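>>> Sequence and computational prediction follow.
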Amino acid sequence: MGLTPNQKRNRRLAAAGAALAAIVAAGALGLGSYLKSEGAGSEASSIPELVPADADTLVIAPFSAMWWDKVAPMDEPNKMLPELKPAEADLAIEYIGYSRSLDTEDHGTPFTLPLRLFYVETPSEQDAEKVADWLGTQTAAENRTLAIEGDIVVVGSSTTTYKAPAESVMSLEAYDPPRSTGEAAMWMNTGREAVSLTGDGNNGNAAAYASLLSSGFGFETGTKWSGTSTDGKAWAGKFAEGGVNPEAIDFEKAVQSLAATEEVLAAVDGPTGTAEVIKPGVSAILESASFIAGGKHMGALNDPAGSTDLKDPLVTVTSDVTAWNAAISGVHMANENLAERTLTATADEMVISYSYAR
């Protein structure tokens, strides 16, 4: 039988303690020291053990009312997690988290939605059961499914059931986000976003988005990023793999690749020409997203969702979160709790800011 997340965490903490002791001893011998992110001055969570390796987004935060108000709105609105007040309940919670990845289940629907999961980590399995019981009595409980994995409660939607992934993000060499006490961490795998939203990395929308990552953002193939935040307003960090290549940014090419996903639904000949009814496809992104790079602009005229201290950015992209997801997936569901997202990046660093719909 495999170890529970609680047992895995205990092993990691024990290993970190042993490593720290070894490092201290090595320092006494003048051998120097090197401490990874789960060493002194940082926090360890077992949530990454439950997150699929192909996740495009992962957020982990220490539990508090403030962090619940920042992380819960990242999940799908139908779960109504932002309306809940676990900090006011008699619950023992250590960390909370959110992830989005490809949903491999067949739900019998003509479209595919991403697998969006929320995580609540507690000190023990008994505490996890209490959290699950509490969630089951709160508003919109029928819109959520609950799974208890050791000391973690995994919250899915009414149509998804959590299944442990064959491989977690912990198996990725690039995944090692530093997180000091009190900070939250965010992980982003840029090339997986369209796969999560469309359910297929080989379709036309995903291909157009892959082109946009290069020609619109300047992202190198396989770009991955991890950042931290102390307040949930701005998340800053370095690229774990890849980064921004300003030479790749070509807004004309980006527009052409997005336009290739447009579909003519109907055409009517008139006295002055032909009127067409067009399904915009991924090009709908340009109606609500603003791209700025090298003094050039593409798309809508949006103000950045939040200010950043990133000096001399190569690219800034501000987008309406609901419209962005709908343009890529082709499915417009309920409006997201997040209003806008702004990504500002240099060749090696990126800052992500959010504004909230409420």
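It's in.

>>> Lowest mean pLDDT among the helices and strands of the protein, which one is it?
Taking mean pLDDT, DSSP states H and E as the measure, the chain has helix 5-28 as its least confident helix or strand, at a mean of 40.

>>> For the helix or strand just after it, give me every contacting residue.
Next helix or strand after helix 5-28 toward the C-terminus (DSSP states H and E): strand 57-62. The contact list for strand 57-62 (CB atoms under 8 Å, 6 or more residues apart in numbering) reads 43, 45, 47-48, 51, 67, 70-71, 74, 94-100, 119, 169, 179, 181-189, 193, 232. C-betas here are computed from N, CA, C, even on glycine.

>>> My guess is residue 107 contacts residue 158. True?
No: using CB atoms under 8 Å, residue 107 is not in contact with residue 158, being 10.4 Å away.

>>> Can you pull the phi and psi angles for the nearest residue in space to residue 142 that is not next to it in sequence?
Leaving aside its sequence neighbours, residue 142 sits nearest to residue 158 (CB to CB, 6 or more residues apart in numbering; 6.5 Å). Torsion angles at residue 158 (phi, psi; degrees, to the nearest 10) stand at phi -70, psi -20.

>>> what sits against residue 158?
78, 142-145.

>>> switch to 10 Å and redo it
When contacts are counted by CB atoms under 10 Å, 6 or more residues apart in numbering, residue 158 touches 78-79, 140-145.

>>> can you tell me how far residue 221 sits from residue 113?
26 Å (CB to CB, to the nearest Å).

>>> which one of those two has more residues nearby?
residue 113 (20 against 13; other CB atoms under 10 Å).

>>> So the more buried one sits against residue 197, correct?
Yes: with contact defined as CB atoms under 10 Å, residue 113 counts as touching residue 197 (8.1 Å).

>>> Now do the shared contacts for those two.
The contact sets of residue 113 and residue 197 overlap at 325, 329, 331 (CB under 10 Å, 6+ apart).

>>> out of these, which are buried?
The neighbour-count test (16 or more other CB atoms under 10 Å) marks 325, 329 as buried among the shared contacts of residue 113 and residue 197.
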